[in-house]
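1. Okay, here's the prediction I keep looking at, along with the sequence it came from:
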Amino acid sequence: MAGLRREYQPKPDATRVRSREAIDRLIGDKRNSLEDKTLWSMLYATAARAEEVLRLDVGDLDRVNRRARCIRKGGKADELLYDIGTARLLGQLLAGRRTGPIFLSTRVAPDDGTIAAAHVDPVSRRQRMTYRTAERHLGAATDGWDPHDLRHSRLTHAGEDGATEADLMNLSGHEERRTLQRYLSPSKEGTHSQLDAIDARRGDRTPGLTTSPTGSPVRPVR
């Protein structure tokens, strides 16, 4: 399938993190197709590379545990982890389908054997969605996002929420901390929120310590 294995090409712009609100609006927008919304939700939830998600077949899903068996970049077998919202969208999208690719394009495969059976839904004869199609649909629905932005955003947001490096590597499939680091660029708002949460758990004051009218700490007289 032309374009299915297309490698991500970095943008000159280093700003890849999209806000949570913008992503929620995108996935919730009824003007977008169910196919696209489910793909975008899964790309964000799993923090996976687009080609890893587009290669998924219905039989790869473990829907009870919200996981999907996949082959990572480099050929390593792994499992993608997705959330309840994505699970609901998948349920609507698949609607009883048991075999074939999860994400389909509108193109119907010709009956001449030029398209491998593994890339075709056996009932509708629709072909597996390619990276180029996914990229085009996302770009048209936004101000030029590409699928990699959703991976970058998910890792950044999870890091802001306190996920450990080990958690993030388990989610994204990274095998080296060095390659993960470029995805961890928390916003000022995210850092501020995280620090506020830490301060709230710590409390406003050191136990047993009061302040003078000038603001200087004063130990209570015993």
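-> Nice, I can see it.
2. May I have the secondary structure class of residue 138?
-> Judged by DSSP: H, G, I helix; E, B strand; the rest coil, the three-state class of residue 138 is helix.
3. Please enumerate the helices of the protein.
-> 20-28, 34-46, 50-54, 84-94, 131-141, 147-160, 165-172, 177-181, 188-202 (DSSP state H).
4. Which parts of the fourth one count as buried, going by neighbours?
-> In this case it means helix 84-94. Neighbour-count burial for helix 84-94 flags 85, 86, 87, 89, 90, 93 (criterion: 16 or more other C-beta atoms under 10 Å). Quick note: C-beta positions are derived from backbone N, CA and C, even for glycine.
5. ok, back up a step: dump the helices of the chain to JSON lines, plus mean pLDDT and distance to residue 78.
-> Output for those, formatted as JSON lines (pLDDT from 0 to 100; distance: least, C-beta to C-beta, whole Å):
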{"stretch": "helix 20-28", "mean pLDDT": "96", "distance to residue 78": "23"}
{"stretch": "helix 34-46", "mean pLDDT": "97", "distance to residue 78": "10"}
{"stretch": "helix 50-54", "mean pLDDT": "96", "distance to residue 78": "9"}
{"stretch": "helix 84-94", "mean pLDDT": "97", "distance to residue 78": "17"}
{"stretch": "helix 131-141", "mean pLDDT": "97", "distance to residue 78": "19"}
{"stretch": "helix 147-160", "mean pLDDT": "91", "distance to residue 78": "14"}
{"stretch": "helix 165-172", "mean pLDDT": "86", "distance to residue 78": "9"}
{"stretch": "helix 177-181", "mean pLDDT": "72", "distance to residue 78": "15"}
{"stretch": "helix 188-202", "mean pLDDT": "69", "distance to residue 78": "27"}
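6. Can you lay out the ones you listed as CSV showing distance to residue 76?
-> Shown next, in CSV, are those (distance: least, C-beta to C-beta, whole Å):
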stretch, distance to residue 76
helix 20-28, 27
helix 34-46, 15
helix 50-54, 10
helix 84-94, 22
helix 131-141, 20
helix 147-160, 17
helix 165-172, 12
helix 177-181, 14
helix 188-202, 30
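7. center of this structure, which residue is that?
-> Geometric centre of the chain, nearest residue: residue 44, 1.8 Å, by C-alpha atoms, centre = their mean.
8. So that residue versus residue 138, what's the distance?
-> Going from residue 44 to residue 138 by C-beta to C-beta, to the nearest Å gives 11 Å.
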